[in-house]
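1. one predicted model, sequence on top.
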6 protein chains.
Amino acid sequence: MAEVRYWSEMSMPELEEVISGQPVVYLPIGSMEGHGPHLPSGTDWIQAEHIVDQLAQRTGGIILPGIGYGVCNSTDAFLGTISISFETLYNLAHEVMTSVAGWDVRYMVVISSHAGRTHMAAIDRAAKEVSRETGMIIMMLSDYDLAYGYKGEVGTEGGHGGAIETSRIMAIRGDLVGDLPTLDYAPREQFVILPDPEKGFPMGARGDLTKASKDLGDRINSDILDQLERMVMEMKDRH
Amino acid sequence: MAEVRYWSEMSMPELEEVISGQPVVYLPIGSMEGHGPHLPSGTDWIQAEHIVDQLAQRTGGIILPGIGYGVCNSTDAFLGTISISFETLYNLAHEVMTSVAGWDVRYMVVISSHAGRTHMAAIDRAAKEVSRETGMIIMMLSDYDLAYGYKGEVGTEGGHGGAIETSRIMAIRGDLVGDLPTLDYAPREQFVILPDPEKGFPMGARGDLTKASKDLGDRINSDILDQLERMVMEMKDRH
Amino acid sequence: MAEVRYWSEMSMPELEEVISGQPVVYLPIGSMEGHGPHLPSGTDWIQAEHIVDQLAQRTGGIILPGIGYGVCNSTDAFLGTISISFETLYNLAHEVMTSVAGWDVRYMVVISSHAGRTHMAAIDRAAKEVSRETGMIIMMLSDYDLAYGYKGEVGTEGGHGGAIETSRIMAIRGDLVGDLPTLDYAPREQFVILPDPEKGFPMGARGDLTKASKDLGDRINSDILDQLERMVMEMKDRH
Amino acid sequence: MAEVRYWSEMSMPELEEVISGQPVVYLPIGSMEGHGPHLPSGTDWIQAEHIVDQLAQRTGGIILPGIGYGVCNSTDAFLGTISISFETLYNLAHEVMTSVAGWDVRYMVVISSHAGRTHMAAIDRAAKEVSRETGMIIMMLSDYDLAYGYKGEVGTEGGHGGAIETSRIMAIRGDLVGDLPTLDYAPREQFVILPDPEKGFPMGARGDLTKASKDLGDRINSDILDQLERMVMEMKDRH
Amino acid sequence: MAEVRYWSEMSMPELEEVISGQPVVYLPIGSMEGHGPHLPSGTDWIQAEHIVDQLAQRTGGIILPGIGYGVCNSTDAFLGTISISFETLYNLAHEVMTSVAGWDVRYMVVISSHAGRTHMAAIDRAAKEVSRETGMIIMMLSDYDLAYGYKGEVGTEGGHGGAIETSRIMAIRGDLVGDLPTLDYAPREQFVILPDPEKGFPMGARGDLTKASKDLGDRINSDILDQLERMVMEMKDRH
Amino acid sequence: MAEVRYWSEMSMPELEEVISGQPVVYLPIGSMEGHGPHLPSGTDWIQAEHIVDQLAQRTGGIILPGIGYGVCNSTDAFLGTISISFETLYNLAHEVMTSVAGWDVRYMVVISSHAGRTHMAAIDRAAKEVSRETGMIIMMLSDYDLAYGYKGEVGTEGGHGGAIETSRIMAIRGDLVGDLPTLDYAPREQFVILPDPEKGFPMGARGDLTKASKDLGDRINSDILDQLERMVMEMKDRH
């Protein structure tokens, strides 16, 4: 098992030594967001921290303090959602990455378990600019870019608080999952933007939970970690 | 064939009458962007104007002056690219949509043939905010959200200036397509952001052009129009 | 007659060759703005496109996709007006000009037929900054800076939608001009800013239309073109 | 002679009483800007304070602390110029006017002796927005909008630091005027924006000073004051 | 001992119930900042999390995910510093507080162990605006506003990484404290801003460490907690 | 007595000569802010101008046009307050200081008699950035950083419009001080931010005025001047 260090726990001379070994620096990003009656509002945050912790144990590296807040522009109506703006997330990510690159870090991996379009675009834009400005190589994705491969298995709407997400939290923090409800929601209309998107899933989550299980969650999480480990290693090999 | 009107050509009383019939208002968005040795820099602009013109002839509606500039953050290095920032496109789209909604327009359809992530996120964010603020219903997509269904047919990299895009321009403005080159490019690494993405396709385009043809272009364009027509009609029916 | 090219229609190698000949690059700017019961809302846009097309045929050059939206802060109340903010226009103009200058264009000519003070200041500021930052020489004006020379001939209020503007559209797109109304408006108070400027011309236009005619329009347009042609040629000679 | 009060010198109860009489509130705006070898860098500031003081003695009213800094984007190269940005001046003017309007002031008069296009547009935009938002009536102009009527008398280039401006400072603060130089400058090219506008008048001023005199300055200042007094009185009468 | 809950761990119905009891919602804020050869870069973050955890155990309440990044404008030169801008911190704090207030939270307590002037002003400004806009009552301070009372005991320069801070980390995470160095630094000049403030303490910390001890740290931490507990209780009593 | 010059009164050659002698350049900053029934709204402005004038007579130097508006976020409710935003003051200070530094000024002293936290942070941030960017050495403080040393003498709440401030204005502009009221106010709660801070001192001022006197004011002003003179001289000696 590779060595995991925390940026916050190292002094100036320790950081100097560790960074000289060209470790990957990890930044987990999540959000506080109402996820229905059965999942905690930190669902995306819990997944991000879990995946980054596990991944760093496989690849080694330094873990930064995570960012627990994201851009949540279709779930504002659900109790527990704390939403920040595109600009704030973009600037925060840009400034943190720029500072990190300034200390001669070569590889940075940013994983966000919240996968909203505006949210991801804010981080993506920051990463592209910082990479161009500093030369640092940045892997940036949501673990849901990988997890949605399981949509077929659980029904076409993997969905916010749906079977994939519920299964994953069952596997990570089963103590935080309540009784699984039968969710009330309308099918998603692609590309149509309505003034009140929350009306499409009034319970704060969408999807069919009958296929949700801890086993499925373990399988998805393990598959994500295998893919991520391979991707990180390839990135280090090639660049 | 339904009646197509242009916002710029109607006087105050004409606009009042036409808008009272609840027409769709169309906004085409493209970009100026180097597209290799064989395609014009307005490739995305030409497609957007073409699709919107054809679509409006099927559904009726009002066409707004298009926006010919977009966010091009990985092709800045290719001669002909004119790139604007996320903020500028977001604000421009937001302000135009807000003004349009202020005249009691009920349906707006925004089609961008440029499909970069930051570019689309800027429009998407504007559309979500304006819809919530004004109640206007907005369909927002890239025709490439539909066209990429043809990736399997032309090789996994449909790509910037690749077989899909080349075929479509052959069908729309064949006079602007030069000799088809053999493109030199590296396979795309998913999720890895490099300081110099343009080095991955030094000729300004990527993909295998051996499958490109006017016939394929006609087929894709016609399929896109069929899908869009159905989607627009469903939106009007449901809301 | 000199050769007119369009930025959007040229490939990377074509642009390279054409730009090496030091052509003028033209950017027309207009706006959507209620112009009374008789003129189309794209009045300023139609004039800008017309003048730039005609001028480029005399001087040669490359025409960029135009910008059809402007800053309209005293006509927001008139149906058809689509107004963008100072910042948006400033940024859009700045970013487009910067990109163009980056491709080694030496001369750029920006003509806006909308001539509002805030609107013109946004473009002027962008042009001054880009010129200083890049060395590109930019001619920037409204054709109304020239056309208002005819104010004496048509009455002191040339005015928004008045005799000069109406005559010019009669000459360019007579099919879009409705019956000429007798406009109801208060005389303009210079330098006094009121909370509701639209109350001064409730019909969306001001001025005396009895002097408006296609002939006058032809004369004004032709005079503007002569002046512009001479100015562009002098700019190229001197710098 | 009407009573002149200063915002800074009145307590809360005094302000309440004075404002209830619907006085004009005056805001003078100037700039620090190199004005050649013979004029002080506060030339525009000195004129603005002088005109506002004199005008308030005729019309009565309250004088606010002035703003001594403006947007100077073609004189940055001249020693003494202190330039602020469009945004800063716009925001400063907007916020000051908004606060003033919040205390139920009905008439505000803003006079800037610096008359650069970007500078004036910043104040104009702020004034238009604040008037619309608050209902306050705002007169906004440069005294040079009036003084340039004397251009014919002194040569076509009234110019920065030229005969009109020099004459006016001779009349207001003759002790600050040095020996009148023969200025070296190129004729102004209208509408052409160059990367280095300061090269057109390397001495920091332009114009023919042979016509400059204290008498001319007295005449111009007195004429401006007469016009302004009439305009302020008309504004109060009509609205 | 009062009940401590975590925002991230509660579902929508759980949050609803807990918030109805009018708990204090806590937000800890720290920073990553080089703190000399002996302290970890997360020194401010570790203190903030510790104090908030301990305090919440005394008063009960909900703990939000903390913010691990702050505005560090005089320590950028020290390895490990990750600095964000005033705007980013202000916006982040404003948006998080606004969302929290939107869920009918009555009391919020924000504690930052980083105490830089710009940093504190960003949070202070956000708190003042959000309180006014939403009615939420916010206690906002740095524990160093209290800890600096011990300056007399340890020498006049309590200082960045000095005796107070070192003692406190010895008491909280003694395992992270390295050998105590003799720090090289110049005395602080009050009110004078130099281009290179880091030259005043080249080792990344300032102060006399001979007085630092775990016992002193325990005493300070315990005193801070007593004061904070009393202040929180008084706030709840009075408002 | 040293020579005092005014930036606004010097021509380009005069400025060149005077600046070559490395004078201190002074910028006074105040605010318009309701200060109770007895003090003028320009209280902070009057003090700043007075202190800077007196100080410059001792040290020599150049005085810039002052800034009469500041950030007043807890006194907006008091008639006479004119408040600008953090950004506006920050940008204004930054741009003015940057221009000044560009003319090779080595020492700048900024004194603000308004001492609100957000206000001071805006200037402080600008000063730190400009010093780093240009190398100019900047002394930046409020005279209240010194004057609050007299709090013990006049009661713990020196306060806004309280005994210290009242005494100082009695000494500077006694003609502007009204009858001294008995102020009605609640004791200040430290660190607690309320939605309506103005309710804590409904008369617009707080403190016990029984100790206020012209003599005390003279003593404080004189003490402040002595301290400032010494600080300025030390700054010039050391750097």
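-> Received the coordinates, thanks.
2. which SSE is immediately downstream of the lowest-mean-pLDDT helix or strand in chain A?
-> Least confident helix or strand of chain A, by mean pLDDT, DSSP states H and E, is helix A:151-154 with a mean of 83. Later in the chain than helix A:151-154, the nearest helix or strand by DSSP states H and E is helix A:163-173.
3. could I get the average pLDDT for that following helix?
-> Averaging pLDDT along helix A:163-173 yields 97.
4. helices or strands up against that helix?
-> helix A:43-59, helix A:143-147, helix A:151-154, helix A:214-238 (3 or more C-beta pairs under 8 Å, 6 or more residues apart in numbering or on different chains; DSSP states H and E). Where you see a C-beta, it was placed from the backbone N, CA and C, and this is true even at glycine.
5. now that helix against helix A:214-238, angle please.
-> If you take axes from the mean of the first three to the mean of the last three C-alpha atoms, to 10 degrees, helix A:163-173 sits at 90 degrees to helix A:214-238.
6. now what about helix A:163-173, what contacts it?
-> A:35, A:38-40, A:43, A:46-47, A:50, A:144, A:147-148, A:150-151, A:154-155, A:158-159, A:176-177, A:180, A:207-218, A:220-221, E:9 (C-beta atoms under 8 Å, 6 or more residues apart in numbering or on different chains).
7. so that helix versus helix A:43-59, what angle?
-> Using the same axes, to 10 degrees, helix A:163-173 lies at 60 degrees relative to helix A:43-59.
8. what helix or strand does whichever residue of chain A sits closest to chain D sit in?
-> The minimum distance from chain A to chain D, using C-beta to the nearest C-beta, falls at A:Glu87 (16.1 Å). With elements taken from DSSP H and E, the one containing A:Glu87 is helix A:86-102.
9. and the helix or strand following that helix, what's its mean pLDDT?
-> Using DSSP H and E, the helix or strand that follows helix A:86-102 towards the C-terminus is strand A:107-112. Averaging pLDDT along strand A:107-112 yields 98.
10. packing partners of strand A:107-112?
-> Counting by 3+ C-beta pairs under 8 Å, 6+ apart, strand A:107-112 packs on strand A:24-29, helix A:43-59, helix A:86-102, helix A:117-134, strand A:137-142, helix A:214-238.
11. tabulate the ones you listed in a markdown table, adding columns for distance to E:Val18, mean pLDDT and mean neighbour count.
-> Formatted as a markdown table, the helices and strands packed on strand A:107-112 follow (distance: least, C-beta to C-beta, whole Å; pLDDT from 0 to 100; neighbours: other C-beta atoms under 10 Å in any protein chain shown):
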| stretch | distance to E:Val18 | mean pLDDT | mean neighbour count |
| --- | --- | --- | --- |
| strand A:24-29 | 25 | 98 | 26 |
| helix A:43-59 | 17 | 98 | 23 |
| helix A:86-102 | 27 | 98 | 22 |
| helix A:117-134 | 26 | 96 | 22 |
| strand A:137-142 | 29 | 98 | 24 |
| helix A:214-238 | 26 | 97 | 16 |
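12. between the ones you listed, which one is nearest to chain C?
-> Among the helices and strands packed on strand A:107-112, helix A:86-102 sits nearest to chain C (C-beta to the nearest C-beta), with 13.8 Å.
13. the closest one and chain C, any residue contact?
-> No. Contact between helix A:86-102 and chain C is absent, the nearest approach being 13.8 Å (criterion: C-beta under 8 Å from any C-beta of the partner chain).
14. hmm, that helix touching chain B?
-> Yes. Helix A:86-102 reaches chain B (C-beta under 8 Å from any C-beta) through A:86, A:90.
15. around chain B, pick out the residues from chain A.
-> Checking chain A against chain B by C-beta under 8 Å from any C-beta, the hits are A:73-74, A:86, A:90, A:117-118, A:120-122, A:124-125, A:127-129, A:131-132, A:134-141, A:145, A:189-197, A:231, A:234-235, A:238-239.
16. on that earlier part again, what's the closest non-adjacent residue to the residue of chain A closest to chain D?
-> E:Asn91 (6.8 Å; C-beta to C-beta, 6 or more residues apart in numbering or on different chains).
17. quick check, that neighbour in contact with A:Ile84.
-> Yes. Counting by C-beta atoms under 8 Å, E:Asn91 touches A:Ile84, with 7.5 Å between them.
18. partner residues bridging the nearest residue to A:Ile29 once chain neighbours are set aside?
-> Among residues not flanking A:Ile29 along the chain, A:Ser112 sits closest, at 3.9 Å (C-beta to C-beta, 6+ apart). Applying DSSP bridges to A:Ser112 yields these beta-bridge partners: A:Ile29, A:Ser142.
19. now A:Ser112: how far from F:Asp226?
-> 58 Å (C-beta to C-beta, to the nearest Å).
20. likewise for A:Lys128?
-> Distance of A:Lys128 to F:Asp226, given as C-beta to C-beta: 56 Å.
21. what do you get for A:Val71?
-> A:Val71 sits 54 Å away from F:Asp226, going by C-beta to C-beta.
22. list the contacts for A:Gly135?
-> A:Gly135 touches A:101, B:195, counting by C-beta under 8 Å, 6+ apart.
23. same question, A:Lys128
-> B:73-74, B:118, B:193, B:197.
24. overlap between the residues you listed and the residues near chain D?
-> Counting by C-beta under 8 Å from any C-beta, no member of those reaches chain D.
25. give me the subset of the residues you listed that lies in helices.
-> When the contacts of A:Lys128 are checked against helices (DSSP state H), the matches are B:Thr118.
26. and which of the contacts of A:Lys128 is nearest chain F?
-> Nearest member of the contacts of A:Lys128 to chain F, counting by C-beta to the nearest C-beta, is B:Thr118, at 25.4 Å.
27. for the closest one, give me its contacts.
-> Contacts of B:Thr118 (C-beta under 8 Å, 6+ apart): A:121, A:124-125, A:128, B:71, B:73, B:86.
28. go ahead and confirm A:Gln47 touches A:Ile29.
-> No. The pair A:Gln47 and A:Ile29 fails to qualify as a contact (C-beta under 8 Å) at a distance of 10.6 Å.
29. need the overlap of contacts for the two.
-> A:Ser113.
30. residue of chain A nearest chain B, please.
-> A:Ala121 (3.1 Å).
31. with B:Ala122 as the reference, measure out to that residue.
-> 8 Å.
32. list residues touching both of the two?
-> B:Phe86.
33. neighbours around A:Ser213, how many?
-> Using other C-beta atoms under 10 Å in any protein chain shown, A:Ser213 has 16 neighbouring residues.
34. now do the contacts for it.
-> Counting by C-beta under 8 Å, 6+ apart, A:Ser213 makes contact with A:167, A:170.
35. pLDDT wise, what is it at?
-> 97.
36. same question for A:Met1.
-> A:Met1 is given a pLDDT of 55.
37. quick one: list the elements packing against the least confident helix or strand of chain A.
-> Helix A:151-154 packs on helix A:163-173, going by 3+ C-beta pairs under 8 Å, 6+ apart.
38. ok, the residue of chain A closest to chain B touching B:Ala121?
-> Yes. Taking C-beta under 8 Å as the definition, A:Ala121 is a contact partner of B:Ala121 at 3.1 Å.
39. for stretch A:67-77, how far is the first residue from the last?
-> Distance between the two ends of stretch A:67-77: 22 Å, counting by C-alpha to C-alpha, to the nearest Å.
40. which parts of it are buried?
-> A:67-76 (16 or more other C-beta atoms under 10 Å in any protein chain shown).
41. columns pLDDT on top of those residues, output as a markdown table?
-> Shown next, in a markdown table, are the buried residues of stretch A:67-77 (pLDDT from 0 to 100):
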| residue | pLDDT |
| --- | --- |
| A:Ile67 | 98 |
| A:Gly68 | 98 |
| A:Tyr69 | 98 |
| A:Gly70 | 98 |
| A:Val71 | 97 |
| A:Cys72 | 95 |
| A:Asn73 | 87 |
| A:Ser74 | 87 |
| A:Thr75 | 93 |
| A:Asp76 | 91 |
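42. output the residue of chain A whose distance to chain F is smallest.
-> Closest point on chain A to chain F, by C-beta to the nearest C-beta, is A:Glu87, at 13.8 Å.
43. how about A:Thr156, phi and psi?
-> Backbone torsions of A:Thr156, given as degrees, to the nearest 10, read phi -70, psi -30.
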